[in-house]
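J.: Give me coordinates for this.
(2 chains)
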Amino acid sequence: GENVEQHPSTLSVQEGDSAVIKCTYSDSASNYFPWYKQELGKGPQLIIDIRSNVGEKKDQRIAVTLNKTAKHFSLHITETQPEDSAVYFCAANTGGFKTIFGAGTRLFVKA
Amino acid sequence: NAGVTQTPKFRVLKTGQSMTLLCAQDMNHEYMYWYRQDPGMGLRLIHYSVGEGTTAKGEVPDGYNVSRLKKQNFLLGLESAAPSQTSVYFCASGPLEGSREQYFGPGTRLTVT
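T.: Purely as a prediction, here's the structure:
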């Protein structure tokens, strides 16, 4: 069935360093790829998304890249700050109502 | 503008008991969803609704029922709770037009003993 794999499950970086989270998806019909950030005790919140007709998208310190041929997409956070510490989820959607989420990456940013 | 709210925030049930989780959104969204979140498994879709009076099964619907009598509310029911339903439940909503972004509520932590 449809699947989204996310790596790593845990990531620890020093403040100011970059963080990269990678995802692969199985359904070649997927055309919308959102990334959500979940802080402790809260619901996930969309931080950036990318559609299949775009290879890269950037929003300040956050960027997402998409390789449709390899079915890979990645989240890049530059100049990390302690408030970036959270769980990050990637997801893939084929255009319907079903969004498949990755298992999540717990990011720790050490001050 | 409260966004998506969920009640209750926490609940402990005994096996076999029933309960209803309430989700409300004030953004006039057509789409609403119920997910469960378990450690190491991300978010899995239980049921969803594409409009008032309509519901559909998601990835893991067994043991749950839903209703969408009003556009702003989406109820998730457990008729006979089981320990396997111990989880954190999230409701989300999304607009009909434009992006497929989902707006999530704060979650309900349910423990079934």
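J.: Mind listing residues that contact the least confident helix or strand in chain A by mean pLDDT?
T.: Every helix and strand of chain A was ranked by mean pLDDT, DSSP states H and E. The lowest is strand A:99-101, at a mean of 91. Here strand A:99-101 makes contact (CB atoms under 8 Å, 6 or more residues apart in numbering or on different chains) with A:2-4, A:25, A:27, A:34, A:36, A:89-93, B:42-45, B:100, B:102. Using the backbone N, CA and C atoms, a C-beta is placed for each residue, glycine as well.
J.: Pick out the residue closest to the middle of chain B.
T.: Compute the mean C-alpha point of chain B, and by CA atoms, centre = their mean the closest residue is residue B:34, 2.9 Å away.
J.: give me the element that one is part of.
T.: Using DSSP states H and E, residue B:34 maps to strand B:31-37.
J.: Contacts for that strand, please.
T.: Under CB under 8 Å, 6+ apart, the answer for strand B:31-37 is A:97, B:21, B:23, B:25, B:43-51, B:58, B:60, B:64, B:66, B:68, B:74, B:76, B:85, B:87-96, B:102, B:107.
J.: Counting neighbours, which bits of the least confident helix or strand of chain A end up buried?
T.: Within strand A:99-101, the residues that qualify as buried are A:99-101, counting by 16 or more other CB atoms under 10 Å in any protein chain shown.
J.: Now for residue B:6: which residues touch it?
T.: Neighbour list for residue B:6: B:21-24, B:89-91, B:105-108 [criterion: CB under 8 Å, 6+ apart].
J.: what's the burial count for the residue lying closest to residue A:85 once chain neighbours are set aside?
T.: Spatially, and ignoring its direct neighbours in sequence, residue A:85 is nearest to residue A:109 (4.9 Å; CB to CB, 6 or more residues apart in numbering or on different chains). Applying other CB atoms under 10 Å in any protein chain shown, we find 20 residues neighbouring residue A:109.
J.: Am I right that residue A:83 sits in a helix?
T.: Yes: secondary structure of residue A:83 (DSSP: H, G, I helix; E, B strand; the rest coil): part of a helix.
J.: show me the contacts for it.
T.: residue A:109.
J.: which residues touch the residue in chain A that chain B sits nearest to?
T.: Here chain A gets closest to chain B at one residue, residue A:43, 3.3 Å apart by CB to the nearest CB. Residue A:43 makes contact with B:4, B:90, B:92, B:104-107, according to CB under 8 Å, 6+ apart.
J.: returning to that earlier point: any of the contacts of strand A:99-101 buried? List them.
T.: Buried subset of those (neighbour count, 16+ other CB under 10 Å): A:4, A:25, A:27, A:34, A:36, A:89-93, B:42-45, B:100, B:102.
J.: and the residue nearest to residue A:29 when sequence neighbours are not counted, how far is that from residue B:104?
T.: Closest residue to residue A:29 apart from its sequence neighbours, by CB to CB, 6+ apart: residue A:94 at 4.5 Å. From residue A:94 over to residue B:104 the distance is 20 Å, taken as CB to CB, to the nearest Å.
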